[in-house]
Every structure is written in C-alpha cells, then in structure tokens.
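Undergrad: Below is the sequence, then the predicted model.
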Amino acid sequence: MGLIKKIPVYLERLPGGGILTTSLDWVFDQSRASSLWYLLFGTACCAIELMATGASRYDFDRLGMIFRASPRQADLIIAAGTITKKMAPRLRLLYDQMAEPRYVIAMGGCTVGGGPFYYDSYAVEKGIDHIVPVDVYIPGCPPRPESLLEGCITLQKKVKKEKIKDWS
Amino acid sequence: MDRDELIKHLLEKFPEKIELLETGRAEPFFLLKNKDDLVAFCESIKTDENLDIDYLCNIGAVDTGERFEVVYDVASVKKHIRFDFKLRFEYEGAEIDSVQKVWPAANWYEREMWELYGINIRDHGNLKRFLLPDDWDQGHPMRKNWDAPDFVRMPEVE
Amino acid sequence: MEITGIFKYLYEQLVATGLSQTWVEIISLVVAAVIVFGFLAVMALFLVWWERKVSGHIQQRFGPMMTGWHGWRQTIADAVKLLQKEDITPSTVDRPVFYWAPIICFVAAFVAYVTIPFGKGLIVSDLNIGILFIIAITTFTIISLLMAGWGSNNKYALLGGMRSAAQVVSYEVPMVVAVLAVVLFAGSMSMVDIVQSQAKIYQWYIFRLPFGPIAFIIYIIAATAETNRTPFDIPEAEQELVAGFNIEYSGMKFAMFFLAEFVNMFTVSAIAATLFLGGWQGPWLPSWMWFLIKSLALVFVFMWFRWTYPRLRVDQLMEFSWKFLLPVAFANLILAGWMKYSGWFNW
Amino acid sequence: MTAPGIHTEEFQVNMGPHHPSTHGVCRFILTMDGEVIIKAEPVIGYLHRALEKICENRTYQQCIPVLDRFEYCTSMSCNEAFALAAEKLGGLEVPERAEYLRVIMLELNRIASHLIWFGTTSLDLGAITPFLYGFREREDILDLFEMTCGQRLTYNYIRVGGVAKDIPPEFIPKCKEFLDKFDAKVDDYERVLTENPIFIVRNKDIGVLTPEMAIAYAVSGPSLRASGVKFDLRKDDPYSIYDRFNFNIPVTHNGDCYDRYLIRIAEMRESARIVRQAIEQIPEGEIAAKVSMNYKPPEGEVYSRIENSRGEMGVYIQSPGKEKKPLRVKLRGGSYNQLQVMPELVKGHKIADVVAIMASLDIILPEVDR
C-alpha cells in the first residue's frame, strides 16, 4: 500500500506523467468499484431484504459483490438493521478490522436516523454516523432490493471518482 | 373441562387464597391475594391430576402507576386448559419467589422482569443482566416514572 | 497444429547462439517456467470467473455481468482491487509464520506442474518419478494451512488449521493407493509413459473394468477433500469458523490463498485427466486442446459438487476416509494386482 | 477423552454476535474441549429495541406497525396476535371477508417464513443452492403481498377490527397459479435435501429434544410437534375461523433436527391447502369494522395467542379504560423459549452441530430480544 501511494508523486514529475496518473486512477477505480465484497453483517429486518437481494431475482453478484465472512477480506459493510446501544461497539470493532479502502452503506431507516425506534426507545442508537463514517444512506424500512442496488451503484459512482493521491 | 367447571374447581381448592376477576372472556383470570403462597399455588395446580398445568405461556410484570402487578399465563397441553392469575404488591420491597422449580421456562422471564422492572426474585440462580448493555447504569427502564437524557417521547399529535 | 515444433525451433536458435550448455539449459528452463506460470495465472483467473458463472446458472441467477460482456473482466478487477487493499499484519501475530504461509501455499500449487504433460512433448521435464513428485509437492499445502492457522493467533484460524491438516492427511492415503493401482498397470511412474500406455480409447484406465472406475471414483473423492472443496470444505466453513484459516489475511496474502485454491483444483483435475482419461490422446484436435478439454470437464465436476452438496462434519469426514475409502482403495489395489498378474485384461 | 498423562484445559470460543450463521445477532460463549462442547451460554440483547416501551406510548392502531418489526419473518402473525387481543378487549366483531383475508395472508406468510428457514438451514449446513431455490418461491409470495398491501416484509395489513385494504381482482388468479406450482416445488426441495445422505448424516439424532423437556421449557410450534406432542393452537385453541378448514397437523416422534425439518416441509404443504380452501370459500362483504383512530377499549386485560411459524406468539394487553393507549403490552415469541432450551441440547455435540441445531430450531433474534 505504501508503495502505491508514492507512484503518483514520481509520475507527476515525468513529462506527460499526468496522463499516466489519470489512466492509473481509472484502472484502480474501475477495479475497486466493480468488485466490492460486502461483509455478512445483518442485524434485523433489513438483513432479510439483504438476503433477498442476494438471491436470484435481484442478484448482487451481477455487480460483482460477493459476501465475505471475515472483516479482513471485506471492503464494504452494509449495516443492515437496527444498531442497538449494545451492538454499537461491535460495529465499530468490525469497521476497524477491515482493510483500508473500506466503505459503509447505512441500509434502512434505523441506521440512517433511528427509524421507527427514534421515539420512546431507550436501547436504540439514533443513526450510525456517529459510530462509523457512512458513505451512502438508503432510506426505507426495509428498503426495497431495487433501492439497495441503487445505493450500491451510487457507491460505485463515488468510488470511481476517488484519486490515488488523496488516499488516507 | 370447560370454563365454569374450572372456576368452580379452583375456587373450592383455594377458597380464601384466590378470587375471580370478572373479565367475561373464555380464559378465567384470578387474583392471588397473598404473594407469598405463589410457589405453593403453582405446585398444586401442576400436580393436580385433573388440571395438569405443565405449560407456562408467559410471565409479564406490569407497572400500573401506583403498584406492581405480575401476570402468569399458564396452560395445560394435555387437557386444553388455559387460564391466568396475577399478584399485586407495592413498589417498595418488591420481591417475589422464583417459580423455576415448577416450570423451568420461567428462568429468563424472571430474569427479564428483574432487569427491566427491578422486581427482586428470591433464589433465582443467575440474576444477571442480559437484555440491556453491560455498562447500563440508568436504572430500570420499563417503569412508568423512568426517564433519561436521550429518551425522546413521541409528541402528542391531534 | 502441434506447438512443440516452436519450442524445438527456439531451442535450436538458443544452441546456435553458442552459449555454453549449462547456460542454454538455464535459459530454456526459465522460459518454460515463465510460460507455465503465465498459463496458470490466466487459467486461475479464468477458473474463478467460470466458477462464479457456473454457480450463478446453477442457482438460476446470472453471476457477474457488469464488468465487460458477461463479466469476463470480473476476476481481473478482483485481482487489481486486492492489490490496492491494505495488507494488515495484526500485532499479536507470529510474524514469520504468518508471512510465509501464503507464499508456501502459492509455490506448492505451481511447482506441481513440472511433470504434468500439457500435450505431446509439452512437458517441462519428464521425470521418471513424475506422479510421485506431484503427490509429494501437493502435500506442501498442509504445512501452509497449519502455518496460517497457527500464525494468525486466532481461535477460529487455529481450529480451521487443525481440521484442514487432519483432513488432507487422511485423504492423501486413499488417493495415493488409487494412483498406485494405475501405476501398477502402466508399469512406470513417468507421466508420459502412463499416457502412452492409454493409447486407444478402450485402453483408458477409467474403462479398465473392474478396477479402473473404482480407482477413478476414489481419486475424485480424495481430490475434492485435497482441495478443501465442499462437501469437504471444513477448514473455511463460513458458517462455523467464519473464514477458517484465512480469517486474518487481507489484500495480496488472501489473493495468494484464493488463487492457490483454484490452481490446486486445476492441478488435481489435470492429474485425473492424465491418469484416467488418457492425457492428451484424442482424435482430430491437437493434443494440448484435448488435455484442456478433459481437465476443464473435471473442473466442472468439482464445481458441480460444490454447489449441490452440504458439508460433512469433521468426525464424519475422518470416519468416511479411514473406515470406508481406504479399505476399498486397498481392495481395489489387490484386484488390480491380480488382474495384472493373471493377464486376462491385458489388451 | 484424552490420554491420562496429557494436561488439557478447556478452550473458550466466542460464536457471534457477528457470525454468518447466527440468525440475527446472538452470541454463544462456548466452552469446548477440542471440538466437543461442554457448556454453551447464549448472550442476547443485541437486538433489544424496547418494543414494549414504544407500544405504551402508541394508540392501538399505531401499535400495529411497531409490532411488524417484532417478528419480521412473519409480520402478518404479529399484527394478527395484537389485533385479536385488542378485539377481545373491546368485544369487536370482525366481518367475514376480513377473517378470510386474514387467514389467507397468515398462511401465505407462514409459507414465506418456512422458505426463509429452508434457505438458512441449507446455508448453515453448507449447501448454498437450496437457499436460492427457497427465496425464488418466496419472491412470488412477496409479489402477492405487494399487490395487496404494498410492502414486501413489514405489511401493516391486519388492523384492529379488520384489514387495511381489499385484495385487487388479479390476486386470486395469481394466488391459484402460485399454489398450483408450489407443490411441485416442494417436491423439488425434498429431492434436493430430504434424501441427501450428507444432510441426513448431519441432522439425524442431533439435538434431541424430549417431550418432557420441550413442555417444561414451553417450547411450541414445529419443534414441539417434532418431539411427538400433537399441539397446534389452530386446532387445540382455535382462533378466528380456522375451524372451517380441514388440514392435518404433522407430528413425528424422535425430536431431532431431521424431524424438525420434515415437520416444516409438511407444514408448507398444509398451509398451501388451507389457502386453497380459503380462496374458494371467501365471501363478499366489507373488510373492516367501524373502529375510530383513537379506539378506547373498556378497562381490562387479555392474553391472546396464535400459532406462528416459530411456535406460540402471544400478546398480553392491559388497558386502563378511558385511555386510547394501552397501559402495558407484553409480547411472547416462540424463539424465546427455544433459545432458552438450546444450551441443554448442545451439550456434548460439536461446533458444527451448534449451527445445525440452531438452524433446525429456526430461532430468530427479534422474538428473543423484543
């Protein structure tokens, strides 16, 4: 990872190096966008819709997204379902265990802002953006598989815009 | 064994201990006056051969604003009997016996009651926290008078 | 359209340049290694893509579609993405063991191709102990699984490592005995001789009743266990051990394990094709094409297993191997010996 | 089990809360000797969303969508349990057509929930393909639900006093078409898994639940019937109009994982039979009693229970009388007791069996944590 970060710095000095970095950016972004492996992390009702989206009618595999069981090999967490106060440190722990270019999709009303459990519930986190940095929010309770796929495509667009230089 | 036979049978068996609450529904509802003879009452309805109550549907605690109530819904799988009974006791010194010995299913129900309502359960075995986060220190959330900084109530809309 | 001619021509050019004999040998072996490595890397990428498409269509869905026509660039995208991933080495890990495990697994998978004949004359070096060399090399994967299991200092990985070592060892024995039956009949361990002993189609060892098909079936079962594939994929059983031995690996290290698994699958089916289905023998088509068709057919059978069968439990798996597969393999060997001695079936 | 001289100590493994096989978020602390489990202690509460506290501040009609999330695989039965309890409190009469619509939706939802169970059971045992086949049929049922109430998972369809909307005209033909091809599909499932030797070896005599232990721990539903106790609320404590349909209750006797599998597969066929009969007998008429938005039932309390795909689902409501909000709502799910009995079933088995037992008991966590 370290080496890759330095490539653009050297390339810039070469004459016409800019073209090379942009094309390198394009290759890296295309590959990263079209092979987002999502972590099997479903807590509540949205997990059933996540499974339904993985099934044959709305197949995730068409976008190149297969489920990985271990956070080390996943580069996308789809936080599907209510995150309660007891589950929040677990979610943060999983996010920290993931390898670096990682993304988070907040699927469902509960992860966006508490959803139907915002009022009168003493045990539910009101949204997960204060736990993990979220890239794409998908409203709905539970969101339809089409909106989940649309969320993934939005994330792919976002990934395609990133530059190598500003990697963390 | 239909409803009236059941009521007659139970009332003669425990003349002064229980009293029938008029709910007009198929399942009779009794009130156990004194909460100390709970375990004796449960054991006798379980061993009584023409009652044979061996299936505990549900134990629920209720905070009615001025006192606690604990409702036991029981049934018999073989004899198709189902009825409920409840205890009433004040807030302070809220302590009841555990019916785990009669129905092992009661274990988690009582543990939940202890955690969310603060009703102490005598000789329960493992009264540990299991629904709320481990570092929970804001008391017993299901009580009516409970409140917390981030607890938002739904506004009244007419 | 035999391509052995091209290599002969290149070899003569090399000799013509007048370098000393040892230099010529070194260069030709290096060139052969690079070609085999390139072929296998492309084959591994193809197999990963093919597995996802086969699994998709078995499960009535499409599999990768978005990257190129029917997603043919999917595995390239996966590989390049894995290049960019941060290569995490957890602090509590046993550093050298953790670092070397994927490399040994990767190398073991590729070295086995030294003695596999890709076609008539297309063989890196025809050792006279060909099949013995391959079996010896493929057992290296056990060491790498154990190292990965122990090195990651993670309870699940340790369980996965122990299970995989036990499984591969216990399925190695029936596999060797099944291969022994074939070697007994072929009279030599060199792969080229084995293939030449199956000149006609009825001479293929799979059709040499009664010992041939039994040996073939035992070999296929042991091979599925060898490459940790369902119904024997206990080591990385997602549901039980999260991800088994490769739970702590990310980025390029995980990619090495992932590709090694697919190269192993191709190795095992290539050996099966060479031993039982007459290697590169076949009418009309050039020899290397026959070899590819037979191997990929067997690879499809392995993929088919994976997407239809549930998983066996560890002790059932051991029991199946020691109490059932091994006795049958020995009985088959004795049968083969009697057939060879009595000469009845020696056509 | 180990040689006398060698010193071995137990080995604690933490299975969950994020674990691909636990349904929802449940954590087991397994104390193991090698692969064999000595003690399993479930740790729950990761999905405790305080549904009961929320229902105390909602009117009766507003409670229905909250209870959809109580048991999201069969949301229809949660609505039905609450609606039945509220109607018993206020003595409401539900029109005939509404009763038939409820039974049709309940049984379709039971099939959909059993299909989720069928998928996750095969997924947990390693066979990934039946998961896809199960969800393929479930999508057809979800189309039927979408036609009537517009949602795929949390329907908010059965209301206090009746149902929300009437079924569109093309519902019945589509439902007939689904039912005709459904039995053939269940035969497909049987062909994929039931005679599969590996599936049988993984499930036979694993996690045997004796009838006494089942009743003592108040286990109900398919897991109880797999232990030989013929107890189904639709027949033994009939609610709504189940006594008008003839269907039988599958019972098997040795209570292991394989029997629980056979029971649920048979139940899918029975539910399809009920829906077929209900479609033929459905009368015309209005679909809901006149119930005002802030419906104030008289003072009193009731515990009503229905047969859900995971056992007995009960709702206890206590109403203070002149209020439009219930004083207390206590929910009881079938998985609550099955998870309580699981440590007893798991002792002495291997880690691979924990997964098989949990899948066969069809435990999902919202029922346990509420």
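TA: The structure has been received and is ready for your questions. Numbering: from 1, shown residues only, chains lettered A, B, ... in the order given.
Undergrad: tell me the contacts of residue 102?
TA: Reading this off chain A. If you count contacts by C-beta atoms under 8 Å, 6 or more residues apart in numbering or on different chains, residue A:102 has them with A:74-77, A:95. Using the backbone N, CA and C atoms, a C-beta is placed for each residue, glycine as well.
Undergrad: Hmm, no, I was thinking of chain C.
TA: So residue C:102 contacts C:144, C:148, C:249, C:253-254, C:256-257, C:260 (C-beta under 8 Å, 6+ apart).
Undergrad: With neighbour count and secondary structure added, can I get those in CSV?
TA: Putting the contacts of residue C:102 into CSV (neighbours: other C-beta atoms under 10 Å in any protein chain shown; DSSP: H, G, I helix; E, B strand; the rest coil) gives the following:
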residue, neighbour count, secondary structure
C:144, 27, helix
C:148, 30, helix
C:249, 28, coil
C:253, 25, helix
C:254, 24, helix
C:256, 22, helix
C:257, 22, helix
C:260, 24, helix
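Undergrad: List the contacts of stretch C:259-270.
TA: Counting by C-beta under 8 Å, 6+ apart, C:40-41, C:43-45, C:47-48, C:51, C:102, C:105-106, C:108-110, C:112-113, C:116, C:134, C:138, C:141, C:144, C:223, C:226-229, C:291, C:295-299, C:301-302 sit against stretch C:259-270.
Undergrad: try stretch C:75-91
TA: Contacts for stretch C:75-91 (C-beta under 8 Å, 6+ apart): A:1, A:4, A:27-28, A:30-32, A:34-35, A:64, A:72, A:75, A:99-101, C:45-46, C:48-49, C:67, C:95, C:98-99, C:152-153, C:248, C:250-255.
Undergrad: got it, and stretch D:290-297?
TA: The set of residues that contact stretch D:290-297 without belonging to it, under C-beta under 8 Å, 6+ apart, is D:59-61, D:86, D:89-90, D:92, D:159-162, D:319, D:321-324.
Undergrad: all strands for the chain, in order.
TA: Chain wasn't specified; assuming chain A. Listed from the start of the chain, chain A has strands (DSSP state E) covering A:38-39, A:67-68, A:76-80, A:103-107, A:136-138.
Undergrad: wait, I meant chain B there
TA: Secondary structure of chain B (DSSP E): strands at B:18-21, B:29-32, B:55-63, B:68-76, B:81-89, B:95-97, B:120-122.
Undergrad: Highest mean neighbour count out of those?
TA: strand B:55-63 (a mean of 24; mean count of other C-beta atoms under 10 Å in any protein chain shown).
Undergrad: Buried among the contacts of stretch C:75-91? Make that a PyMOL selection.
TA: Below is the selection syntax for PyMOL that covers the buried ones among the contacts of stretch C:75-91, with 16 or more other C-beta atoms under 10 Å in any protein chain shown defining burial:
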select buried, (chain A and resi 1+28+30+31+32+34+35+64+72+75+99+101) or (chain C and resi 45+46+48+49+67+98+152+153+248+250+251+253+254+255)
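Undergrad: ok so, going back, weakest of the strands of chain B by average pLDDT?
TA: Per-stretch averages of pLDDT across the strands of chain B put strand B:18-21 at the bottom, with a mean of 81.
Undergrad: Taking chain C, what residue is nearest to chain D?
TA: Nearest to chain D, among the residues of chain C, is residue C:311, at 2.9 Å (C-beta to the nearest C-beta).
Undergrad: Hmm, residue C:228 and that residue touching each other?
TA: No. The pair residue C:311 / residue C:228 is not scored as a contact, 10.9 Å apart, by C-beta atoms under 8 Å.
Undergrad: Quickly list what's touching both of those two.
TA: Between them, residue C:311 and residue C:228 share the contacting residues residue C:234, judged by C-beta under 8 Å, 6+ apart.
Undergrad: coming back round to it: residue B:12: which of the strands of chain A is closest?
TA: The closest approach between residue B:12 and any of these, judged by C-beta to C-beta, belongs to strand A:76-80 at 57.0 Å.
Undergrad: so where do the helices sit in chain D?
TA: Listed from the start of the chain, chain D has helices (DSSP state H) covering D:51-55, D:60-68, D:75-90, D:96-124, D:129-149, D:171-189, D:197-203, D:211-216, D:222-226, D:233-236, D:257-281, D:334-346, D:351-361, D:365-369.
Undergrad: most packed of these?
TA: helix D:222-226 (a mean of 29).
Undergrad: which strands and helices sit next to that one?
TA: Counting by 3 or more C-beta pairs under 8 Å, 6 or more residues apart in numbering or on different chains; DSSP states H and E, the packing neighbours recorded for helix D:222-226 are helix D:211-216, helix D:257-281, strand D:311-319.
Undergrad: for the residue in chain B positioned nearest to chain D, which residues make a bridge with it?
TA: When C-beta to the nearest C-beta is the measure, chain B has its nearest residue to chain D at residue B:60, with 3.4 Å between them. Residue B:60 forms beta bridges with residue B:71, as assigned by DSSP bridges.
Undergrad: my read: it touches residue D:330, true?
TA: Yes. At 3.4 Å, residue B:60 counts as touching residue D:330 under the criterion of C-beta under 8 Å.
Undergrad: Name the residues contacting each of the two.
TA: Between them, residue B:60 and residue D:330 share the neighbouring residues B:71, D:316, with contact defined by C-beta under 8 Å, 6+ apart.
Undergrad: Scan the contacts of residue A:102 and report the most crowded one.
TA: Of the contacts of residue A:102, residue A:75 is surrounded by the most neighbours, 27 neighbours in total, counting by other C-beta atoms under 10 Å in any protein chain shown.
Undergrad: Let me see the contact set for it.
TA: Here residue A:75 is in contact with A:32, A:36-37, A:98-99, A:101-103, C:81, C:85 (criterion: C-beta under 8 Å, 6+ apart).
Undergrad: Alongside chain C, which residues does chain A contribute?
TA: Listed as neighbours of chain C in chain A under the rule C-beta under 8 Å from any C-beta of the partner chain: A:1, A:4, A:27-28, A:30-32, A:34-35, A:40, A:55-57, A:59, A:61-64, A:66, A:68-70, A:72-73, A:75, A:99-101.
Undergrad: do that again at 7 Å, thanks
TA: Contact residues, chain A versus chain C (C-beta under 7 Å from any C-beta of the partner chain): A:1, A:4, A:27-28, A:30-32, A:34-35, A:56, A:59, A:61-64, A:69-70, A:72-73, A:75, A:99-101.
Undergrad: if we can go back for a sec, looking at the strands of chain A, which is closest to residue B:64?
TA: With C-beta to C-beta as the measure, strand A:76-80 is the member of the strands of chain A nearest residue B:64 (38.4 Å).
Undergrad: Contacts only, for residue C:232.
TA: With contact set as C-beta atoms under 7 Å, 6 or more residues apart in numbering or on different chains, residue C:232 has these partners: C:167, C:224-225, C:312, C:317.
Undergrad: ok, so of the residues you listed, who is nearest chain B?
TA: Distance ranking of the contacts of residue C:232 against chain B, using C-beta to the nearest C-beta, places residue C:312 first at 34.4 Å.
Undergrad: before we move on, the earlier item: among the contacts of stretch C:259-270, name the buried ones.
TA: Members of these that pass the buried threshold by neighbour count (16+ other C-beta under 10 Å) are listed as C:40, C:43-45, C:47-48, C:51, C:102, C:105-106, C:108-110, C:112-113, C:116, C:134, C:138, C:141, C:144, C:223, C:226-229, C:291, C:295-296, C:298-299, C:302.
Undergrad: on that earlier part again, weakest of the strands of chain A in terms of mean pLDDT?
TA: When those are compared on mean pLDDT, strand A:67-68 scores lowest, with a mean of 82.
Undergrad: partners of it, with directions?
TA: strand A:38-39 (parallel).
Undergrad: ok so, going back, neighbours of the closest residue to the residue of chain C closest to chain D other than its chain neighbours, just the number please.
TA: If the residues on either side of it in the chain are set aside, residue C:311 comes closest to residue D:126, at 2.9 Å by C-beta to C-beta, 6 or more residues apart in numbering or on different chains. As a burial measure, residue D:126 scores 25 neighbours (other C-beta under 10 Å).
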